[in-house]
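A.B. asks: got a predicted structure plus its sequence, pasted below:
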Amino acid sequence: MKIITVRESEANEMLDNFFENGVFTFEGLDLSTKEKVKDFTVNFEKIARETGFTGDTLVAYKVTGEMMNRRYELTGENAYADDINIICIPGYYNSDMKLKMGARWFDDVCCSNAIRENAIRCGQEPDFG
């Protein structure tokens, strides 16, 4: 697995693509060292292969909390820490593994953030029902 950091100049376009395609997403992964990056990539590749992924290579994209906050206008308690890692993996759609690994679909992440942000702006509690 290769992890590509999304550039600022491409952020909006990439985030829109992730949303439209409901990409497999992790929020808050600790990738602070080369060892942690390697552990994540090797383990994820192994799991993907065991669960039926047959492509040549998985590519993951790293987005920062700052990019998410700016694109989706997230504020206050709903905003991400600027340096948090959000890892998006297009082309891998395994619902069982998503649940087991604590991942989410990117569109779900964005919609949940939008519900919370709207509640903040209206002075209400979020209604996810």
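C.D. replies: It's in.

A.B. asks: where do the strands sit along the chain?
C.D. replies: Per DSSP state E, the chain carries strands over the ranges 2-5, 24-27, 59-64, 85-89, 104-105.

A.B. asks: residue 11: which of those strands is closest?
C.D. replies: strand 59-64 (7.1 Å; CB to CB). Any C-beta I mention is one placed from the backbone N, CA and C, and that applies to glycine too.

A.B. asks: coming back round to it: between the strands of the chain, which one is closest to residue 38.
C.D. replies: Comparing the strands of the chain by their distance to residue 38 (CB to CB), the top pick is strand 2-5, with 10.3 Å.

A.B. asks: buried residues in the closest one?
C.D. replies: By neighbour count on 16 or more other CB atoms under 10 Å, the buried set for strand 2-5 is residue 3.

A.B. asks: next one: it to chain centre, how far?
C.D. replies: Chain-centre distance of strand 2-5: 13 Å, with CA atoms, centre = their mean, to the nearest Å.

A.B. asks: okay, now the sheet partners of it, with direction.
C.D. replies: Sheet partners assigned to strand 2-5 using DSSP bridges are listed as strand 59-64 (parallel).

A.B. asks: kind regards, and thank you for your time.
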